[in-house]
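> coordinates only, sequence not included:
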């Protein structure tokens, strides 16, 4: 462990201990900032009762479905738009029009169209992920050096082979950037869509706890969201290492 | 004769101004089997464009290109690009095997061929490295092996050594001559370096700038290895230098 690691550890542990002490000595109110240990205790309780795992499962199901649909559509459309001129022309105005809209603003519409169930939430998440992945995929295709396409053609590749063997792997690093941004967006959107019109999920749990002024539970929800964020980042980093082995630094 | 160029011309249209630029004009030339042909000329004389036309990557605006001995669907030409144009997501092996792979050569057959080529260009041991883990010289060896993997009749080189340092360039020039001899293939090689032209070429096609035309074809009947400091080499260098000097002056005056 280096000195830098030690300082980082000291920073986290030090602040947590200070926080705990401030609450225990009554300098901070439990209502606004519950002590770290009581948040932990609350999380343990909620886990044992099954409340927290169930909420996570419900939310993860929505996030995963929305993410997979959105990402798949974004990658396919992005590759096609990047490689085929007329498809880009057809898509471009829609991307320009819908991209700047905060995707949470579409949620009421989707509630209207798809009802109060999971479908409206999944659709909102999918749209949010789609545009981030789409825009990054197009960038990936565009950043491909034209001489690589020329070389592939010279070596005898057909149009379809150029698509699968050059354009797709060439755009992959940017596609992963899109997926990482999309994963963050999916977590934001699952929280927003779970505030209203649902009786399950991590967002619902957190919001309900807030309305009951159960601050320990609110913190438990926030921490769990944080852990989900870390987990998705790790998962995507691992996927990127497997999918783009050439991006690894050589020692 | 392996390749015949007849009155080949290329005109670019600059869309913004509507201006027409004549890049190549009435290029007629026969390329003989097994020769090391050099296109030598100042920047902007259209020699790279000519190479792309021979490769079929650009269409000529006028004239025609014929391969009189073309048989079946054998791949006729393969290009070695100046900036290597290697696929960064493929290892050395993956890059070299690309041609046979897209042309559906049986796996066992292409593995054997590719191993042999990697040995030919002295890259044994580096098969599983990615391009960014290689030096410039090694990258150009990969590009050469990749071009050879399609077993073309003619190898086209677009200033392949221009981006390398002088030492590496010297080594690779010798390597190119060795591989040319060992494979018996026809090499068509574009360069703007006089020394390189005299060291490598069996025939040098000197080109003029804007529009690109053939100014003179110089035979280099000297034995190899050649040395830029040799007496006969110096004589040819002098001759080329004089001819090329006029061209550069004219090109800069425009």
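Structure received. Note that this is a predicted model, so its numbers are computed, not measured.
> going forward, measure contacts between C-alpha atoms and count neighbours the same way
OK.
> and for the residue of chain B found nearest chain A, the neighbour number?
Residue nearest to chain A within chain B (C-alpha to the nearest C-alpha): residue B:99, separated by 4.9 Å. If you count neighbours by other C-alpha atoms under 10 Å in any protein chain shown, residue B:99 ends up with 27.
> and residue A:70, which of the three is it?
helix (DSSP: H, G, I helix; E, B strand; the rest coil).
> output the contacting helices and strands for the stretch of helix or strand residue B:108 belongs to.
Using DSSP states H and E, the element containing residue B:108 is helix B:107-120. The contact analysis (3 or more C-alpha pairs under 8 Å, 6 or more residues apart in numbering or on different chains; DSSP states H and E) places helix B:107-120 against helix B:98-102, helix B:136-148.
> and the host helix or strand of residue A:141, what does it pack onto?
Under the criterion of DSSP H and E, residue A:141 resides in helix A:118-142. Packed against helix A:118-142 by the contact rule (3+ C-alpha pairs under 8 Å, 6+ apart) you find helix A:51-83, helix A:107-114, helix A:168-195.
> columns distance to chain B, mean pLDDT and mean neighbour count on top of these, output as CSV?
Shown next, in CSV, are the helices and strands packed on helix A:118-142 (distance: least, C-alpha to the nearest C-alpha, whole Å; pLDDT from 0 to 100; neighbours: other C-alpha atoms under 10 Å in any protein chain shown):
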stretch, distance to chain B, mean pLDDT, mean neighbour count
helix A:51-83, 17, 95, 21
helix A:107-114, 40, 94, 15
helix A:168-195, 7, 95, 22
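> nearest to residue A:122, of those helices?
Taking C-alpha to C-alpha, helix A:51-83 is the member of these nearest to residue A:122, at 4.5 Å.
> now the following helix or strand past the closest one: mean pLDDT?
Where DSSP H and E defines the elements, the next helix or strand beyond helix A:51-83 is helix A:85-98. What helix A:85-98 shows for mean pLDDT is 92.
> name the residues that touch helix A:85-98?
Residues from elsewhere that reach helix A:85-98 (C-alpha atoms under 8 Å, 6 or more residues apart in numbering or on different chains): A:80-82, A:131.
> got the angle for it vs helix A:51-83?
140 degrees (axes from the mean of the first three to the mean of the last three C-alpha atoms, to 10 degrees).
> what's the helix or strand for the closest residue to residue B:120 other than its chain neighbours?
Among residues not flanking residue B:120 along the chain, residue B:179 sits closest, at 7.5 Å (C-alpha to C-alpha, 6 or more residues apart in numbering or on different chains). Residue B:179 is located in helix B:166-183, with elements delineated by DSSP H and E.
> residue ranges with poor pLDDT in the stretch 151-254 of chain B?
B:251, B:254 (pLDDT under 70).
> what ranges do the helices span in it?
Taking DSSP state H, counting those that start in this stretch as the criterion, the stretch 151-254 of chain B carries its helices at B:166-183, B:194-200, B:231-253.
> and those, which is most packed in?
For the helices of the stretch 151-254 of chain B, average neighbour numbers computed from mean count of other C-alpha atoms under 10 Å in any protein chain shown are highest in helix B:194-200, which has a mean of 21.
> tell me the first helix or strand C-terminal of the helix holding residue A:141.
According to DSSP H and E, the helix or strand after helix A:118-142 is helix A:146-154.
> what residues are up against residue B:215?
B:205-208 are the contacts of residue B:215 under C-alpha under 8 Å, 6+ apart.
> for the closest residue to residue B:185 other than its chain neighbours, give its distance to residue B:117.
Nearest residue to residue B:185 in three dimensions, chain neighbours excluded: residue B:34, at 5.2 Å (C-alpha to C-alpha, 6+ apart). As judged by C-alpha to C-alpha, to the nearest Å, residue B:34 and residue B:117 stand 19 Å apart.
> so these two - more neighbours on which side?
Counted by other C-alpha under 10 Å, residue B:34 and residue B:117 do not tie: residue B:117 has more neighbours, with 23 against 19.
> what parts of chain B come near chain A?
Neighbours of chain A within chain B, by C-alpha under 8 Å from any C-alpha of the partner chain: B:55-57, B:78-79, B:85-90, B:98-99, B:102-103, B:130, B:133, B:147, B:150.
> contact partners for residue B:204?
Listed by C-alpha under 8 Å, 6+ apart, the contact set of residue B:204 reads B:37-40, B:197-198, B:217-220.
> can we see that at 7 Å?
By C-alpha atoms under 7 Å, 6 or more residues apart in numbering or on different chains, the contact list for residue B:204 reads B:37-40, B:197, B:217-219.
> follow-up on the earlier one: contact partners of the helix holding residue B:108?
B:96-97, B:100, B:124, B:145, B:149.
> that older thread, and the residue nearest to residue B:185, which of the three is it?
coil.
> now it. Its backbone dihedrals?
phi 80, psi 0 (degrees, to the nearest 10).
> and residue A:19, by the same measure?
Phi and psi for residue A:19, reported as degrees, to the nearest 10, are phi -60, psi -50.
> with adjacent residues omitted, what lies nearest to it?
Closest residue in space to residue A:19, ignoring its immediate chain neighbours: residue A:35 at 6.6 Å, by C-alpha to C-alpha, 6+ apart.
> burial count for the residue in the stretch 51-200 of chain A that chain B sits nearest to?
Residue of the stretch 51-200 of chain A nearest chain B, by C-alpha to the nearest C-alpha: residue A:155 (4.9 Å). Using other C-alpha under 10 Å, residue A:155 has 25 neighbouring residues.
> what residues are bridge-paired with the most centrally placed residue in chain B?
Against the mean C-alpha coordinate of chain B, by C-alpha atoms, centre = their mean, the closest residue is residue B:157 at 1.6 Å. Listed by DSSP bridges, the beta-bridge partners for residue B:157 are residue B:80, residue B:189.
> likewise residue B:20?
residue B:13.
> count the neighbours of it for me.
The number of residues packed near residue B:20 is 11, by other C-alpha under 10 Å.
> you'd agree it is up against residue B:10?
No: applying C-alpha atoms under 7 Å, one finds residue B:20 not in contact with residue B:10, separated by 10.3 Å.
> looking at the contacts of residue B:215, which are in strands?
With DSSP state E as the criterion, strands contain B:205-208 from among these.
> check the offset of stretch B:171-190 from the chain's centre.
Remark: stretch B:171-190 is offset 10 Å from the chain centroid, using C-alpha atoms, centre = their mean, to the nearest Å.
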